[in-house]
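Enquirer: My questions are about this predicted structure, shown below with the sequence.
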Amino acid sequence: MSPSRLDAFIPEPRSCEVDSIATEVPASTAFANARHFDLARVPLAAFLFWLRTLPERLGDERRSGARPKLTFDEIGRSGTGFQVLVDDPERLVVGAVGRFWQTRMELADVAPERFASYAEPGWGKLAWELRAEEREHGSELVFELRLDATDDEAYRKLRRYYRMIAPFSRFFRRSGLRLMRDDLSPRTASEATRPLAGDLLIATPKAEATDAIEIDAPPSAVWPWLVQMGCGRAGFYSHDDLDNGGVRSEITIVPELQHLQVGDVVPATPRGTDGFTVIILEPEHALVLGSLVDSDAHRALRFSQSKPERYFQSTWAFVLEPLAGDRTRLVVRARVDYAPDGLMGKLGTAATALVHRFMERAQLEHLKERAEGGAPRVQSTWHDRGSAVQGALIMLLDLATPFLRNARAHWGTTAEDAARPHRGDEHVPEPVWQWTHAIHVRATPEQVWPWIAQLGQEKAGFYSYQVLENIAGCEIQNAASVHPEWQTTKVGDVLRIHPDAPPLVITVCEKDRALVAAAGVDPATGTITKEALRKPGTVAVSWSFLLEPAPDGTTVLKSRYRCACSDDLATRLQYGPAIVEPVGFAMDRKMLRGIKQRSERHVESS
């Protein structure tokens with residue numbers, strides 16, 4: 001990598017971010033194109049500039065269709081505060097000294113030769129460089145951003161401000177680099193205009209967006225990921241907090257989700273069955289989804305129905321094109337039509353286009369990651385992190401209320417029901433402490449069982465507070481769908497909770513009825529005796545998952561945990577109820593709710 005000219009202006013930045021993208025042309029060609037790039041083409045910039053000029057555009061009908069332009073040439077204009085520090089055939093450096101965090105941004109007039117040495121307290125420094133670097137097969141466009149300040153307090157303010165705008169800044173930079181790269185590729189340029197499968201479904205769209213990515217895998221390896229898309233299915237591989245109810249999209253191919261047909265509906269929301277109808281399905285080549293919404297009734301219609309007076313219609317096409325070397329070009333096109341065609345429609349379309357670009361780029365990158373086999377096994381969403389905070393607070397509350405332990409011990413059921421014998425009790429006949437938690441699931445035992453059968457650290461996880469489990473080193477990824485390869489659970493298998501902890505051994509596995517696992521019991525008798533518990537450090541536990549059918553075809557799911565341990569202080573502290581019960585209550589309740597959510601969502605979408 002060539003030296004950065006930013007060293008002359010911010011030689012020791014307190015923060016630095018670098019984004020880059022490969023091109024197939026020489027560095028001189030790449031930079032010349034980027035140097036005169038219209039920044040208003042970036043979706044975020046285009047939308048903000050459209051809003052900024054809306055009043056004058058509305059006042060001048062002749063300009064109503066004009067799109068504002070913003071080039072690097074305008075950055076150095078007198079009075080803007082941002083100035084060009086370096087402009088040569090290989091790179092462009094722009095910088096500013098300012099109080100960027102103020103509501104009304106204040107920018108200082110600092111000459112380029114004084115930029116590095118400027119030290120008046122209370123100011124932040126920002127500088128970025130756009131450059132092109134030669135590579136073996138083309139070049140690389142690089143955008144480097146550096147931040148600094150003239151004192152510690154100013155930097156704290158600058159850092160707080162940048163944390164707030166960082167997601168938008170990164171989106172702007174990366175989208176701009178992709179567009180610059182696409183301008184240099186004849187293939188990419190043609191993709192935006194050439195016909196694709198599904199175009200005739202909306203022949204004259206009011207808005208259209210085409211995106212593409214190259215994947216180091218053949219179409220046959222990419223296609224299964226497309227077929228299993230959908231909420232309540234494998235997700236959309238985009239920002240799961242926004243389009244999949246916070247449930248992480250699948251990182252494996254799920255065989256039972258591979259049987260998509262024309263006319264099927266791919267759910268678009270975590271609740272309900274409305275979504276995209278499969279209109280075209282050509283295996284390993286094209287998948288086209290469509291939707292038609294009655295804007296007044298707020299309900300989905302069949303795509304082929306007559307359009308109501310007010311409607312919103314869209315198509316979403318995924319086209320796979322084989323490349324040399326078992327590679328694939330995935331082209332995605334979204335088309336939109338709506339009525340009436342007024343100001344609110346244009347505003348809504350502009351906002352939708354911005355969101356679509358943000359979501360689509362993430363989807364393509366994550367699809368590439370999965371098809372190439374590079375998706376990390378464990379990854380949490382913001383929904384997972386927020387849920388973990390809630391779980392931690394529940395644990396703290398439970399730790400502070402040991403007097404509520406008896407009530408928590410039969411959450412979801414009665415004390416009388418918890419006191420009666422249950423399957424698996426024989427392993428720990430006289431527990432020191434126990435719980436019996438229950439939840440009502442609107443699904444049959446046959447529909448709930450698959451989620452129970454695949455429990456385990458190495459399998460589907462425990463559908464609980466994944467972030468907290470992984471902080472403890474569990475290396476768990478909660479599954480969002482049923483995996484056939486994990487449905488072969490049998491007696492003698494193990495239920496692993498932590499990679500470094502002894503597993504529980506499955507002693508009962510009755511499909512659709514009961515799964516029982518135990519640890520610390522005598523293998524010959526399957527139980528623990530009072531004599532054995534006299535030895536310090538002895539612990540025996542059983543964990544039963546019981547499915548009880550209700551008369552209305554639904555299920556009562558129970559989690560019953562029993563623990564017996566020796567009476568020495570160290571063992572009591574480690575395995576007794578004082579700490580384990582408050583933590584276990586929070587985790588177990590979340591698990592039961594996770595199973596309920598998954599089972600019911602699966603029933604609704606099937």
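Expert: Nice, thanks for sending it over.
Enquirer: quick one, what contacts residue 416?
Expert: Applying CB atoms under 8 Å, 6 or more residues apart in numbering to residue 416 gives no contacts. Heads up, the C-betas are built off the backbone N, CA and C, glycines and all.
Enquirer: In a strand, it, correct?
Expert: No - applying DSSP: H, G, I helix; E, B strand; the rest coil, one finds residue 416 to be helix, outside a strand.
Enquirer: Just read off the phi/psi values of residue 552.
Expert: When read as degrees, to the nearest 10, the backbone of residue 552 gives phi -90, psi 10.
Enquirer: Count the neighbours of it for me.
Expert: 7 (other CB atoms under 10 Å).
Enquirer: Got the domain ranges for the protein?
Expert: With domains defined by automatic domain parsing, the chain comprises 5-36+71-184, 188-371, 399-605.
Enquirer: Quick check: phi and psi on residue 563?
Expert: Torsion angles, degrees, to the nearest 10, at residue 563: phi -140, psi 130.
Enquirer: returning to what we had before: pipe the domains of the chain into JSON lines and attach distance to residue 393 and mean pLDDT per row.
Expert: Output for these, formatted as JSON lines (distance: least, CB to CB, whole Å; pLDDT from 0 to 100):
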{"stretch": "domain 5-36+71-184", "distance to residue 393": "24", "mean pLDDT": "87"}
{"stretch": "domain 188-371", "distance to residue 393": "18", "mean pLDDT": "87"}
{"stretch": "domain 399-605", "distance to residue 393": "9", "mean pLDDT": "93"}
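Enquirer: Save those domains as CSV, and put in distance to residue 42 too.
Expert: Below are the domains of the chain laid out as CSV (distance: least, CB to CB, whole Å):
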stretch, distance to residue 42
domain 5-36+71-184, 5
domain 188-371, 9
domain 399-605, 33
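Enquirer: which one of the ones you listed lies closest to residue 379?
Expert: Closest to residue 379 of those, according to CB to CB: domain 188-371, at 6.4 Å.
Enquirer: My guess is residue 405 contacts residue 579. True?
Expert: No - in this structure, residue 405 is not within contact of residue 579 by CB atoms under 8 Å, at 11.8 Å.
Enquirer: Of these two, which one has the most company?
Expert: residue 405 (16 against 13).
Enquirer: Name the surrounding residues that touch the host helix or strand of that one.
Expert: Counting by DSSP states H and E, the element that carries residue 405 is helix 405-408. Under the criterion CB under 8 Å, 6+ apart, residues 398, 415, 435, 577, 581, 585 lie in contact with helix 405-408.
Enquirer: after the strand or helix carrying the third one, next one along is what?
Expert: Element membership of residue 435, judged by DSSP H and E, is strand 433-441. Helices and strands here follow DSSP H and E; after strand 433-441, the next one along the chain is helix 445-453.
Enquirer: distance between the helix or strand just after that next one and the chain's centre?
Expert: Using DSSP H and E, the helix or strand that follows helix 445-453 towards the C-terminus is helix 466-471. Put simply, helix 466-471 sits 17 Å off its chain's centre (CA atoms, centre = their mean, to the nearest Å).
Enquirer: So which residue of this structure lies furthest out from the middle?
Expert: residue 531 (51.6 Å; CA atoms, centre = their mean).
Enquirer: Which residue, other than its chain neighbours, is closest to residue 229?
Expert: residue 236 (5.6 Å; CB to CB, 6 or more residues apart in numbering).
Enquirer: nope, residue 481 is what I meant
Expert: residue 254 (5.0 Å).
Enquirer: what do you get for residue 250?
Expert: residue 234 is the one closest to residue 250 (CB to CB, 6+ apart), at 3.9 Å.
Enquirer: Tell me which residues touch that neighbour, please.
Expert: By CB under 8 Å, 6+ apart, the neighbours of residue 234 are 225, 228, 249-250, 254, 257, 480-481.
Enquirer: Helices of the stretch 451-600 of the chain, residue ranges please.
Expert: 466-471, 530-533, 569-575, 577-605 (DSSP state H, counting those that start in this stretch).
Enquirer: could you dump the ones you listed to CSV with distance to residue 206?
Expert: Output for these, formatted as CSV (distance: least, CB to CB, whole Å):
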stretch, distance to residue 206
helix 466-471, 41
helix 530-533, 74
helix 569-575, 65
helix 577-605, 31
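Enquirer: just so I know, which of the ones you listed lies nearest residue 182?
Expert: Between the helices of the stretch 451-600 of the chain, helix 577-605 lies closest to residue 182; by CB to CB that is 36.0 Å.
Enquirer: about what we covered before: between the domains of the chain, which gets nearest to residue 386?
Expert: Going by CB to CB, the one of the domains of the chain nearest residue 386 is domain 188-371, 8.1 Å.
Enquirer: and that closest one, how far from the chain's centre?
Expert: 17 Å.
Enquirer: hmm, back to that, phi and psi next, for the residue nearest to residue 481.
Expert: Residue torsions, per degrees, to the nearest 10, at residue 254 are phi -100, psi 110.
Enquirer: How many residues are close by it?
Expert: Neighbour number of residue 254 under other CB under 10 Å is 19.
Enquirer: Quick one: the helices in the stretch 301-450 of the chain, in order.
Expert: 343-371, 382-399, 405-408, 415-419, 445-453.
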